[in-house]
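> next one to model:
(one chain, ligands or ions: 2)
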Amino acid sequence: MFPILSKKILGPNVKQFVLQASAIAGKRKPGQFVILRIDLNGERFPLTIADTDVGAGTITIIFQEVGKSTFQLGTLAEGDAILDVVGPLGKATEVENYGRVVCMGGGVGVAEIYPVALAMKQAGNEVISIIGARTHSLVILESHMKQASHKLYVTTDDGSYGFQGLVTGPLNDLIADVNKKVDRVFCIGPVPMMRAVANTTKTAGIPTIVSLNPIMVDGTGMCGACRVKVGGETKFACVDGPDFDAHLVDFDLLVQRQRMYHKQEKLSWEKWKGIHENRIS
Ligand code: NAD
Ligand code: FES
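Ligands and ions are numbered 1, 2, ... in the order given. Alright, predicted model coming up:
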């Protein structure tokens with residue numbers, strides 16, 4: 001069992017848990033994730049490790065409540081425990097001194113880009129970060145991102161905070177600045193965002209890494225659920241990724257496979273909600 005040591009609400013339907021998981025904390029590197037199973041009948045689902053405290057033996061996970069399992073996770077409280085937390089899984093992000101890097105996080109993807117930005121800064125890169133959300137209340141980890149970056153841009157779609165517009169706005173401005181070359185872009189967020197960033201940086205010839213989030217089951221390369229196509233080859237995101245060259249990713253297939261169980265997910269969510277409506281906060 002993995003006890004929940006603290007629970008924090010970061011925004012509407014966005015929650016953060018600090019879990020006691022010393023073996024995972026001791027081994028985890030930026031970009032890696034865990035697979036959780038809340039209880040014996042639970043679905044297995046992946047969440048990126050947003051942070052670790054090796055001394056305290058803890059890991060931090062941040063999640064958005066979008067369906068049955070994530071809403072169920074959100075009903076747990078400090079002192080409760082999660083049955084299974086397996087990890088760290090996946091290949092770590094390749095951290096080097098690339099020069100000037102742009103780290104981009106969209107929505108709850110900011111939780112995943114934060115450890116990457118931090119590692120890039122520690123490796124000596126000049127880190128410029130761009131984080132975006134639909135509206136101010138959905139902007140998460142702004143102070144963490146500020147610390148992990150030399151410069152931070154915040155965007156909101158509705159203009160309620162920071163720059164109005166999408167994360168690609170500041171990216172276009174940075175690319176247009178001929179005096180300051182961007183050496184690499186790291187981007188984590190919803191698929192339309194990763195696709196838009198990939199299109200922009202491909203034209204500009206800037207190497208770009210995205211972290212893919214297909215459906216996962218075992219997380220160890222055995223079930224094939226996380227199959228993605230990159231550069232015309234089939235890859236398993238759980239063991240070959242989750243990081244991939246953004247310019248080679250087949251985003252159409254990713255979207256198609258993410259929606260594969262949409263009907264069943266909706267049914268499962270509606271059934272669970274019907275029974276547990278009063279537990280949702
Ligand atoms: P969202 O749709 O609110 O978008 C967040 C931000 O991304 C927007 O504010 C905007 O700046 C940017 N964005 C979105 N579409 C864009 C486009 N077409 N062009 C340029 N920029 C765009 O995101 P959300 O609802 O908070 O995110 C939830 C989604 O993110 C879920 O689908 C979830 O699966 C995914 N997600 C992915 C990862 C990952 O590892 N890739 C991690 C966490 C969440
Ligand atoms: Fe099963 Fe990747 S989740 S192969």
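
> going by C-alpha atoms from here, please, whenever you check contacts or count neighbours.
Noted.

> in stretch 267-281, which residues are buried?
Of all the residues in stretch 267-281, those buried under the rule 16 or more other C-alpha atoms under 10 Å are 269, 272-273.

> mind putting these into CSV with pLDDT, secondary structure and distance to ligand 1?
As requested, those are arranged in CSV below (pLDDT from 0 to 100; DSSP: H, G, I helix; E, B strand; the rest coil; distance: C-alpha to the nearest ligand atom, whole Å):
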residue, pLDDT, secondary structure, distance to ligand 1
Trp269, 80, helix, 16
Trp272, 78, helix, 20
Lys273, 80, helix, 20
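
> quick one: which of these is nearest ligand 2?
Nearest to ligand 2 out of the buried residues of stretch 267-281 is Trp269 (C-alpha to the nearest ligand atom; 21.4 Å).

> and the buried residues of stretch 267-281, which is closest to Ile209?
Closest approach between these and Ile209, by C-alpha to C-alpha: Trp269, at 32.4 Å.

> can you pull the contacts of that closest one?
Applying C-alpha atoms under 8 Å, 6 or more residues apart in numbering to Trp269 gives the contacts 67-68.

> please tell me how far it sits from Leu171.
Remark: distance between Trp269 and Leu171 (C-alpha to C-alpha, to the nearest Å) = 37 Å.

> what is the helix or strand that contains Cys187 packed up against?
Taking DSSP states H and E as the definition, Cys187 sits inside strand 184-188. Contacts defined by 3 or more C-alpha pairs under 8 Å, 6 or more residues apart in numbering; DSSP states H and E place strand 184-188 against strand 100-106, helix 110-122, helix 191-204, strand 208-211.

> ok and the longest one relative to strand 100-106, angle-wise?
So that's helix 191-204. For helix 191-204 against strand 100-106, the angle by axes from the mean of the first three to the mean of the last three C-alpha atoms, to 10 degrees is 160 degrees.

> can you show me the helices along the stretch 51-200 of the chain?
For the stretch 51-200 of the chain, the helices defined by DSSP state H, counting those that start in this stretch cover 68-75, 110-122, 142-148, 168-176, 191-204.

> nearest to ligand 1, out of those?
Counting by C-alpha to the nearest ligand atom, ligand 1 lies closest to helix 191-204 out of the helices of the stretch 51-200 of the chain; the figure is 3.7 Å.

> flag every residue of this protein that's near ligand 1.
Contacts of the chain with ligand 1, taken as C-alpha under 6 Å from any ligand atom, map to 106-109, 132-134, 156-157, 166-168, 188-190, 192-193, 196, 211-213.

> count the neighbours of the residue nearest to Asp245 when sequence neighbours are not counted for me.
Ranked by C-alpha to C-alpha, 6 or more residues apart in numbering and with sequence neighbours excluded, the top spatial neighbour of Asp245 is Ile209, at 4.9 Å. Ile209: 25 surrounding residues under other C-alpha atoms under 10 Å.

> for Ile209, give me the pLDDT.
On the pLDDT scale, Ile209 is placed at 98.

> how about the one 5 residues further on?
We have a pLDDT of 92 for Pro214.

> so where's this protein uncertain?
Within the chain, the stretches with pLDDT under 70 are 279-281.

> let's see that with 80 instead.
178-179, 260-261, 271-272, 275-281 (pLDDT under 80).

> got the residues of it near ligand 2?
Taking C-alpha under 6 Å from any ligand atom as the criterion, the chain approaches ligand 2 at residues 216-226, 236-238.

> whichever of the residues you listed end up buried, select them in ChimeraX.
With 16+ other C-alpha under 10 Å as the criterion, this ChimeraX line picks the buried residues out of the residues of the chain next to ligand 2:
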select :216,217,218,219,220,221,224,225,226,236,237,238
